[in-house]
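In: sequence plus the predicted model coming up.
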Amino acid sequence: MAIIKTILGKTPAFGKDCFLAENSAIIGDVVMGDHCSVWYSCVIRGDVNTIRIGNNSNIQDCSCIHATYKTGPVEIGNNVTIGHNVTVHACTIDDGALIGMGSTLLDGCKIGKGAVVAAGALVLQNTVIGDGELWGGVPAKFIKKAKTGQAESFAEHYVMYKEWYK
């Protein structure tokens, strides 16, 4: 069973048919939609602000999602894939985006619909990545337009994978 912790009177809430790995930790003001998955060694810490995650989204192994006190919530849309070892801090990720392994997203950045953040990228504070754009590097910069549907297909796979673990 995942670590589910209430803090300051806020208890995480989950939609139907979610998979929460046994050693993941979900804390505080976190609301997750239906058919989501949170994989091994993830931390989703809604202790200082809200974290909202849409339907069919997946947070892969060793990722950390956190907010900023009073000023920076986290909003993750539907059908979003957060790759392994990603840090998401006080930012917005729109529907269908793919955040590549080992990436870091800093406060106030906004990731557009169907956008792709390449593995290992550092998305600086307040950066805006447009719909369907591919960004990569340190710091992350625009590379090209992503292929239509490229990002969204990863979320579909993880909705299937979570069933293997239930």
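Out: Nice, thanks for sending it over.
In: mind checking the longest strand of the protein?
Out: For the chain, the strand that runs over the most residues, judged by DSSP state E, is strand 43-53.
In: partners of that one, with directions?
Out: strand 25-32 (parallel), strand 64-66 (parallel), strand 74-76 (parallel) (DSSP bridges).
In: which parts of it are buried?
Out: Under the neighbour-count criterion of 16 or more other Cβ atoms under 10 Å, strand 43-53 has 43-49, 51-53 buried. The way it works is simple: take the backbone N, C-alpha and C, and place the C-beta from them, glycine included.
In: circling back: now render the strands paired with strand 43-53 as JSON lines, adding mean neighbour count and mean pLDDT.
Out: Listed next are the strands paired with strand 43-53 as JSON lines, based on neighbours: other Cβ atoms under 10 Å; pLDDT from 0 to 100:
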{"stretch": "strand 25-32", "mean neighbour count": "21", "mean pLDDT": "98"}
{"stretch": "strand 64-66", "mean neighbour count": "21", "mean pLDDT": "98"}
{"stretch": "strand 74-76", "mean neighbour count": "22", "mean pLDDT": "98"}
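In: helices of this structure, start to end?
Out: 152-165 (DSSP state H).
In: least confident secondary structure element in it?
Out: helix 152-165 (a mean of 87; mean pLDDT, DSSP states H and E).
In: who's in contact with that helix?
Out: 18-19, 21, 35, 37, 56-58, 60, 79-81, 96, 98, 114 (Cβ atoms under 8 Å, 6 or more residues apart in numbering).
In: alright, that wraps it up for me.
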